[in-house]
Structure formats: structure tokens, C-alpha cells
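> Return a 3D structure for these sequence lines:
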Amino acid sequence: MIVIPAIDLRRGRCVRLFRGDVAAETVYDADPVEVAERFQAEGARRLHVVDLDAARGEGSNRGIVRDICHAVAIPVQLGGGLRTLAAIEQALDDGAARAILGTAAASDPGFVAEAVEHFGDRIVVAVDVRDGRVATHGWQELGPRIEEAIPALAAAGAPRFLVTSIHRDGTMDGPDLPLYERVAQITDRPVIASGGVRVADDVRALRDLGMEAVVVGKALYAGTLRLEEVVRG
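A predicted model of the protein is given here:
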């Protein structure tokens with residue numbers, strides 16, 4: 001199982017949010033490139049970078065994203081504002097190994113099919129979940145239940161899913177294991193879990209459910225989890 005450190009970018013800084021709320025932002029570092037290099041030195045095999053400004057339509061951290069991709073040798077998966085084929089192509093050209101599709105994908109399986117046709121398995125489809133339903137548009141709107149959405153996205157060719165439990169995001173309350181158990185029953189595509197991880201046992205529990213990888217943010221910044229504990233987990 002791969003543990004993927006998260007670097008969320010807002011206004012040029014490395015931040016973490018609580019359940020996606022920008023009003024509950026914690027700034028962890030003013031130099032995201034240095035953070036990326038540190039995670040690589042600690043044994044990370046991949047990085048998860050999200051441009052929160054682009055996701056919210058409030059600007060872009062493209063230059064910093066490009067600097068991160070060029071500063072590390074490990075692959076970077078990038079999300080935030082990738083709503084067109086042109087935006088995806090730009091992200092990959094800037095050095096990202098994978099592009100994460102969020103709202104655009106959840107709302108339109110046809111867009112997923114088109115993206116996969118052009119970019120293949122470099123596409124990751126994000127499914128953000130609240131109360132068993134897919135949340136879109138900055139987690140403000142609720143769409144179909146995951147039992148409907150995930151099979152439709154898989155049928156469109158989604159190579160893998162990034163499933164975030166919104167209720168657990170940034171809380172360090174432990175992952176929503178029942179959610180990931182449900183997801184594992186819905187699809188045979190690889191699943192990356194995100195949200196709630198606090199300690200190494202949380203990572204192992206997700207591994208035991210068959211998750212391909214887990215994105216970890218706040219636990220690494222707060223020090224309740226060290227990469228050296230789980231990079232081989």
C-alpha cells in the first residue's frame with residue numbers, strides 16, 4: 001500500500017483545511033517546494049498536490065506546482081480546477097504524472113470517457129462523499145449516491161478512484177472504514193482513500209480493506225504519523 005503525502009496550496013502556501021472549509025485553514029509552511037522535498041527525503045513514493053485556489057476559481061498556484069514537479073523525482077498527482085482537456089494537458093505538461101478530476105468528472109461521466117481516451121491511466125477520478133452521496137462544486141451540492149455514481153464512472157473508463165470522506169477530512173478522527181468497505185464492494189478499480197488518518201494503524205486498516213493507497217495530510221504535519229512508520233506498510 002502506498003502512503004501519499006498531501007500538499008494543499010492556497011495563496012502560495014502549504015495549508016490544511018478542516019472538512020474543506022477555507023475558514024478553518026491552518027497554514028503549515030510558506031515554502032511548499034521545501035515540503036515536497038522533505039516528504040521525498042522521508043521516503044514518500046508519490047505526492048498528492050491540490051491547487052485550492054484553482055479549485056475554487058480564485059486564482060492559480062501553477063508556478064509552484066511546476067516547481068514542485070521539477071524539484072522531486074517521485075511522481076506528483078495534481079488536482080484542483082482540472083475541468084477541461086486543455087487544463088489536464090497543461091497540468092501534465094507542467095510535470096504532473098497524474099491528473100485528478102473532481103467536480104467535472106462527478107457531474108459528467110462523458111467527460112471522464114473523453115479524458116481517459118486522451119490521457120489513459122494518468123487520470124484519477126475524485127469522488128468526494130458526504131452521507132453516502134457524491135458532493136460537487138466545492139462540496140456544496142449533493143449528487144447521486146455512490147452506488148450509482150461509481151459504477152457509471154467506471155463504465156466511462158475511470159482507471160482509479162480517489163474517494164474522500166468529507167466528514168473525516170482534516171479531522172484526524174480515523175478513516176471512514178464502512179465507506180471504503182462499501183466502495184470496495186461497488187468497484188474493482190483501484191481506490192485511493194483520503195480523510196481522517198491519524199496513526200499507522202489507520203493506514204493498515206485501509207490496506208486490509210484492499211485500498212491501493214491512502215492520502216495523508218494533517219497527521220504528517222501534526223506529527224501523529226511518520227512516513228517511516230508506513231512507507232513499507
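
> Which helix or strand lies directly C-terminal to the helix-or-strand element of the chain with minimal mean pLDDT?
Confidence across the helices and strands of the chain bottoms out at strand 21-29, with a mean of 58, counting by mean pLDDT, DSSP states H and E. Using DSSP states H and E, the helix or strand that follows strand 21-29 in sequence is helix 32-41.

> Counting by contacts, list what that next one packs against.
Helix 32-41 is packed against strand 2-10, strand 13-18, strand 47-51, helix 62-71, with contacts defined by 3 or more C-beta pairs under 8 Å, 6 or more residues apart in numbering; DSSP states H and E. Quick note: C-beta positions are derived from backbone N, CA and C, even for glycine.

> at 10 Å instead, please
strand 2-10, strand 13-18, strand 21-29, strand 47-51, helix 62-71, helix 218-222, helix 227-230 (3 or more C-beta pairs under 10 Å, 6 or more residues apart in numbering; DSSP states H and E).

> Out of these, which one sits most buried?
A comparison of those by mean neighbour count, using mean count of other C-beta atoms under 10 Å, puts strand 47-51 on top with a mean of 25.

> Mind giving me the packing neighbours of that strand?
Right, strand 47-51 is packed against strand 2-10, strand 13-18, helix 32-41, helix 62-71, strand 76-79, strand 98-101, strand 213-216 by 3+ C-beta pairs under 10 Å, 6+ apart.

> Need the residues that contact the helix or strand just after that strand.
Of the helices and strands lying after strand 47-51 in sequence (DSSP H and E), the nearest is helix 52-55. Residues outside helix 52-55 that contact it (C-beta atoms under 10 Å, 6 or more residues apart in numbering): 8-12, 15, 17, 20, 22, 25, 58-62, 65, 78-83, 87, 91, 100, 102-103, 138.
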